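# Here's a sequence, model it:
(2 chains)
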Amino acid sequence: MQLKIEPRLETPRWLPIVSIILALILALMIGAIPLAYGGLDPIVAYTQMFRTGFFETYSFSDTIVKATPLILAGLGVTIAFRMRLWNIGAEGQLFLGAWAATGVALFWLPPTTPKVVMLAAMTLAGFAAGAVWGAIPGVLKAKLGVNEIISSLMLTYVAVEFNNYFVYGPWAAGGFGLTAPFPRTAWFPRLTDFGDIVPAFRGLTAHLGILYGIIAAVILFIIFKYSKWGYELKVIGDNPDAARYAGMNLARTIILTMIVSGGLAGLAGMSEVAGVVHRLQENFSPGYGFTAIIVAWLARLNPLAVIVVGYLFGGLLVGGDAIQPAGIPLLIQGIILFCVISADTFTRYRIRLVQPAATTALTEETVTSEG
Amino acid sequence: MELAFLINIIEAGLRTGTPLLFATLGELITERAGVLNLGVEGMMLVGALAGFAVAYGTGNPWIGVLVAMLAGGVISLLHAFVSITLRGDQVVSGLALTFVGTGLTSVLGAPYVQVRDVPRLPVLPVPFLYDIPLIGPSILWPLFGEKQNVIFFIGLLLVPAVWFWIERTRPGLQLRAIGEKPAAADAVGVNVGALRYFYVFVGGLFAGLAGASLSLAITPLWINEMTAGQGWIAVGLVIFAGWNPWRALMGAYIFGALRRLPLDLQAIAWLPFASNPILGVWLNMIPYLFTILALVFSSREAIRKRLGAPAALGIPYVRGERGA
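Predicted structure coming up:
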């Protein structure tokens, strides 16, 4: 008997979803090994994790708080990955977005600015700063052919140092690596702010950022489905040569895509400082920009699915906060990613055990019409 | 005074560039075989921790190096399985490998964070360099003779060895063939899949060696994420090197010097960094910005000279499929 992998002619609609669910289950099973190593009973740890993440009083709101940056940055990654533009620097773009929003909130607008104006300015600044940081690898790729994987990641390290300079230097306040807190006008409205009207909202910290995420997802969904740009993204991603022959402007599309991709990641950072941290600080992000890559891939680059997967991962982050040592959640994320890519294989190929054929090698991989 | 400063920087560049050199050579070999492995950062971390832990446990740094290489090789097989056997996306699989390596070492490395007295790889003095007239005592001895670790010399030997293997041997011809035209290699009976597995594994061995040379020689400590992006810089250096081992040598040493430059510049009294340490964070950006600059430079050159990546880089080989 021998293992044969052959391309599928058609993929049943249910298969991608089933394969991803199986991949997640497999990943959690493999993840049990490091949990056990860390001295935890995997079943107890997972039960605890899922309960904290999804089934307690504050779970829904807490999970949304963590899901918000994942969804926004995940959408940014999605749009770039759609055209096989590997923007893996969402983390850096997120830092820049948070930095610009902080500049607006603390230094560039007076604290007496009306809330609506303040938040609108922070949103624009956050998007713009992330967009600039995303545009750099975009321009380098489009004009000079510079590999965007390396440049976007290198810029992430630069962004972290840039952020460090401000929180330790000119913007430092009192303690180490922190700015002063934002004025209340620069805070995103949270559910708990409406506690007087709806008592059930008291203590809930979900904030306006999630609406940004949902709106952005819907807009992207419409763009992908109905716009010329969305069509070009897909064609360029699948076959750049064909796109060029068809007269598409590759350079312009690459740059535009990186601008929007970086801008969305920038919004993730902006919404994090306006909605959660209310100041800029060192390491305010536990790697949201990197987890966003997994979220986007798991959502199969579908913007609406990013919301669902983002929520799921938000729950894992909330539940995983209690798990020590701290590397375990990252490890499990890596295992999940491996399992998901592996599962992709089963949606694109059929894997069969066959008797070694006596015929020549040439016919071995020929696709048969059966099944 | 100026000469001493310059020699100091070059000497440090050769020393701190050596782990980068190992990682770059490994990724270069893997890519020449047609597989893109973005997990270098993760494999280096695995090597760094495995080497550190074993050297500490056995008291022998060389056993540490061996185990580090094996650990890097074994973890690289994850990527080989997903990208070669399952034909999964190589970019995402490499990212996953970096996540796994980072997370795994942070979990397993916790007990070693406080360890300070690990047995180190030795410095290998070369006394005869001092006796060379004129340039011996002032240049050669401080550059290569006095403080260079044994890994520096291993790196120097590996470059011609790797070059010879790729360009001048029969297995090297097969290596190039499966990276450029796997279908043609397959047609003459080369087992493309098995060979690609092998060269991914070799890349892992080199990354493991890179990690161990960090944790057992350059900064003999275990710190979470101690590679600080060097694995990614190595991936960039392969492009900068145009997939050529000799240019990889040059690139790695330049970047070694750049990594050390922030420290050296902060020591110069008349620069503002010495009096204001916060300004020093700008210096920390230098290696990362230079990686981008180097890519800009090499991409332009590649377009002009039509140098390029191996033709089948990143494309899974499927017998009989178009584009293979």
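# residues touching the closest residue to residue B:112 other than its chain neighbours, list them.
Nearest non-adjacent residue to residue B:112, counting by CB to CB, 6 or more residues apart in numbering or on different chains: residue B:222, 4.2 Å away. All C-beta atoms are positioned from the backbone trio N, CA, C, and that covers glycine. Taking CB atoms under 8 Å, 6 or more residues apart in numbering or on different chains, we find residue B:222 in contact with B:48-49, B:52-53, B:109, B:112-113, B:115, B:118, B:215.
# Give me the distance between residue B:70 and residue B:208.
From residue B:70 across to residue B:208, the span is 7 Å (CB to CB, to the nearest Å).
# who touches both of these two?
Each of residue B:50 lies in contact with both residue B:70 and residue B:208 under the rule CB under 8 Å, 6+ apart.
# quick one: which of the two has more around it?
residue B:208 (33 against 17; other CB atoms under 10 Å in any protein chain shown).
# Just give the nearest non-adjacent residue to that one, would you?
Distances taken as CB to CB, 6+ apart place residue B:72 nearest to residue B:208, at 2.3 Å, with adjacent residues excluded.
# so what pLDDT did that neighbour get?
Among the per-residue scores, residue B:72 holds a pLDDT of 98.
# got it, and the one 4 residues further on?
What the model reports for residue B:76 is a pLDDT of 97.
# In a strand, it, correct?
No - applying DSSP: H, G, I helix; E, B strand; the rest coil, one finds residue B:76 to be helix, outside a strand.
# give me the number of residues near the closest residue to it other than its chain neighbours?
Spatial nearest neighbour of residue B:76, chain neighbours left out: residue B:204 (2.7 Å); criterion: CB to CB, 6+ apart. If you count neighbours by other CB under 10 Å, residue B:204 ends up with 32.
# So residue A:301: helix, strand or coil?
Once three-state DSSP is applied, residue A:301 turns out coil.
# Could you tell me which residues make contact with residue A:67?
Contacts of residue A:67 were listed using CB under 8 Å, 6+ apart, and they are A:210, A:213, A:310-311, A:313-315.
# Report pLDDT for it.
The model reports residue A:67 with a pLDDT of 96.
# for it, phi and psi?
Main-chain dihedrals, residue A:67, degrees, to the nearest 10: phi -70, psi -30.
# Next: residue B:188.
For residue B:188, the backbone dihedrals (degrees, to the nearest 10) come out as phi -100, psi 10.
# Any residue of the helix or strand encompassing residue B:237 touching chain A?
Remark: residue B:237 resides in helix B:230-240, with elements defined by DSSP states H and E. Yes - Helix B:230-240 is in contact with chain A by CB under 8 Å from any CB of the partner chain, via B:232-233, B:235-236, B:239.
# from these, which is closest to residue B:195?
Using CB to CB, residue B:235 comes nearest to residue B:195 of those, at 21.4 Å.
# where's that closest one relative to residue B:11, distance?
On the measure of CB to CB, residue B:235 and residue B:11 end up 26 Å apart.
# Those two: who's more crowded?
Ranked by neighbour count (other CB under 10 Å), residue B:235 and residue B:11 place residue B:235 first, with 26 against 20.
# any idea of the mean pLDDT in the helix or strand where residue B:23 lies?
Assigned by DSSP H and E, residue B:23 belongs to helix B:2-32. Averaged across helix B:2-32, pLDDT comes to 90.
# Same question for stretch A:96-116.
Stretch A:96-116 comes out at a mean pLDDT of 95.
# List the buried residues of it.
By neighbour count on 16 or more other CB atoms under 10 Å in any protein chain shown, the buried set for stretch A:96-116 is A:96-106, A:109, A:113.
# residues in contact with it?
A:117-118, A:121-123, A:125-130, A:132-133, A:159, A:162-163, A:166, A:171, A:179-180, A:182-186, A:262-263, A:265-270, A:272-274, A:279-280, A:284-285.
# Mind checking which of those are buried?
Buried members of the contacts of stretch A:96-116, counted by 16+ other CB under 10 Å: A:118, A:121-123, A:125-130, A:132-133, A:159, A:162-163, A:166, A:171, A:179-180, A:182-183, A:185-186, A:262-263, A:265-270, A:272-274, A:279-280, A:284-285.
# and the stretch 201-324 of chain B, which of its residues are near chain A?
So the stretch 201-324 of chain B meets chain A at B:224, B:228-229, B:232-233, B:235-236, B:239, B:278-279, B:281-282, B:284-285, B:288-289, B:291-292, B:295-296, B:299-300, B:302-303, B:318-321 (CB under 8 Å from any CB).
# List buried residues within those residues.
B:224, B:228-229, B:232-233, B:235-236, B:239, B:281-282, B:284-285, B:288-289, B:291-292, B:295-296, B:299, B:302, B:318-320.
# Identify the farthest-apart pair in the contacts of residue A:67.
A:213 and A:315 (15.1 Å).
# For those two, work out which one has more neighbours and name it.
Neighbour count, other CB under 10 Å: between residue A:213 and residue A:315, residue A:213 has more, with 29 against 23.
# Just confirm that one is within a strand.
No - under three-state DSSP, residue A:213 sits outside any strand and is assigned helix.
# can you pull the contacts of the residue lying closest to it once chain neighbours are set aside?
Nearest residue to residue A:213 in three dimensions, chain neighbours excluded: residue A:71, at 3.7 Å (CB to CB, 6+ apart). Applying CB under 8 Å, 6+ apart, we find residue A:71 in contact with A:210, A:213-214, A:216-217, A:268, A:295, A:306-307, A:310-311.
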